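Colleague: The following comprises the amino acid sequence and a computationally predicted model.
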Amino acid sequence: MLQAFGRWFRFNLVGILGFLVQMVTLVLLLGLAVLPDLAALALAVFVALSHNFLWHERVTWPDRPPEERLARFARFQLSSGSLSLLSNLGLTKAVMLLTGMPVVASNVLAVASASFLNFAFNDRVVFRA
């Protein structure tokens, strides 16, 4: 139980750092004004996902065999990445439509609401023992 809590805590710590990476990337992309809001968000999510995978390998699930890293990266990008991208885009757009809030604020709410599902999925599917 304590080990599961420690892993959940580390997962959330990496997630918070990844979210900061995502927000900085999103704000920079929006400031450049070369992409529509949701395209900028999709690119920011991809950058954050890549960041998160690297840190999850080192901090959250360091006990997983290194020789399976490439397979885990593929699973992470195809499954968790898709889940994160869909929840980020879908929930962010929904919040924007329902509240009229800007994309960055809407994304904060979207990410917070999807965090528990994201941990459970990664623990059971991507980084399974």
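Modeller: Looks like it came in fine.
Colleague: Following the chain onward from the one helix or strand residue 43 maps to, which element is next?
Modeller: Residue 43 is located in helix 37-55, with elements delineated by DSSP states H and E. Proceeding N to C from helix 37-55, the next assigned helix or strand is helix 69-75, under DSSP H and E.
Colleague: got the CA positions of that following helix in CSV?
Modeller: The C-alpha coordinates for helix 69-75 follow below in CSV (Å, rounded to 0.1, in the frame of the first residue of the first chain):
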residue,chain,number,x,y,z
ARG,A,69,11.9,0.6,-22.7
LEU,A,70,11.2,1.0,-26.4
ALA,A,71,8.1,-1.2,-26.1
ARG,A,72,6.9,0.9,-23.1
PHE,A,73,7.5,4.1,-25.1
ALA,A,74,5.4,2.8,-28.0
ARG,A,75,2.6,1.8,-25.6
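Colleague: Sketch out the low-pLDDT regions of the protein for me.
Modeller: Along the chain, segments meeting pLDDT under 70 span 1-2.
Colleague: Is residue 91 in a helix, a strand, or coil?
Modeller: When classified by DSSP: H, G, I helix; E, B strand; the rest coil, residue 91 comes out as helix.
Colleague: Contact partners for it?
Modeller: Contacts for residue 91 (Cβ atoms under 8 Å, 6 or more residues apart in numbering) come out as 109-110, 113-114. To be clear about C-beta, it is placed using only N, CA and C from the backbone, and glycine gets the same treatment.
Colleague: Also residue 114?
Modeller: 83-84, 87-88, 91.
Colleague: hang on, the earlier thing: most neighbours among the contacts of residue 91, which one is it?
Modeller: Tallying neighbours with other Cβ atoms under 10 Å puts residue 110 at the head of the contacts of residue 91, with 21 neighbours.
Colleague: And that residue, how far from residue 63?
Modeller: To residue 63, residue 110 is 31 Å away according to Cβ to Cβ, to the nearest Å.
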